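Chemist: how would this look folded up:
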Amino acid sequence: MATSVRLRRAGLAAAALASVFLLAACAPPTRAAENYPGEPVVEHAEENGHEEENAEGGPQAAWLGQGGQLAVTIWGSSTCPVVGESISVVEPAGEGNRVAIDLVERPADEMCTMDLVPHTTVFWTPMNVTTTEPLVVEVQDTEVTVPVK
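Modeler: Sure thing, here's the model as predicted:
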């Protein structure tokens with residue numbers, strides 16, 4: 001009898017532990033999924049606000065695919081690109097739909113070329129934001145609005 005109680009408790013503990021791991025696996029990571037030189041290939045870029053920002057050389061943001069990922073493009077030196085490190089939700093959907101992008105810090109004494117080229121960082125879309133509202137992306141002390149997908 002005592003053995004069956006112990007087995008039952010062990011089984012419940014294992015199920016609880018497995019549930020924690022499964023729930024943690026459902027949340028998209030906050031770290032960058034990928035980054036690369038250049039701009040992303042985005043269907044209908046002018047509809048996503050990507051082309052409009054490009055003319056100014058400022059940060060750009062666009063949904064990728066069906067909105068499961070967000071591409072953030074920042075112009076800078078080709079030898080010392082500005083790279084996104086992580087994404088965080090500032091205001092969830094329904095309350096502003098706003099995210100902030102933290103950038104990789106570069107050494108102050110790093111030697112960089114004086115050219116101006118785009119570099120893209122791709123993030124998984126956080127769970128608390130939606131593609132059905134405009135998304136405000138805070139990056140480099142500016143705000144970029146990504147239209148509804």
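Chemist: where does pLDDT dip in the protein?
Modeler: 1-26, 43-56 (pLDDT under 70).
Chemist: Provide a list of residues in contact with the most centrally placed residue in it.
Modeler: With distances taken as CA atoms, centre = their mean, F123 lies nearest the centre of the chain, 2.9 Å away. With contact taken as CB atoms under 8 Å, 6 or more residues apart in numbering, F123 is in contact with 30, 32-33, 69-70, 72, 84, 86-87, 101. Just so you know, the C-beta spots here come from the backbone N, C-alpha and C atoms, and that holds for glycine as well.
Chemist: that one: which element?
Modeler: If you go by DSSP states H and E, F123 is part of strand 117-124.
Chemist: list the strands paired with that strand, with their directions.
Modeler: The strands that strand 117-124 pairs with in its sheet are strand 34-37 (antiparallel), strand 69-76 (antiparallel) (by DSSP bridges).
Chemist: show me where this protein has its strands.
Modeler: Along the chain, counting by DSSP state E, strands occupy 34-37, 60-64, 69-76, 84-91, 98-103, 117-124, 135-139, 142-146.
Chemist: just send the ones you listed back as a markdown table, with distance to E110 too.
Modeler: Converted to a markdown table, these look like this (distance: least, CB to CB, whole Å):
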| stretch | distance to E110 |
| --- | --- |
| strand 34-37 | 17 |
| strand 60-64 | 24 |
| strand 69-76 | 12 |
| strand 84-91 | 16 |
| strand 98-103 | 14 |
| strand 117-124 | 15 |
| strand 135-139 | 20 |
| strand 142-146 | 23 |
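Chemist: and those, which is most packed in?
Modeler: Comparing those by mean neighbour count (mean count of other CB atoms under 10 Å), strand 60-64 comes out on top with a mean of 25.
Chemist: many thanks, have a good one.
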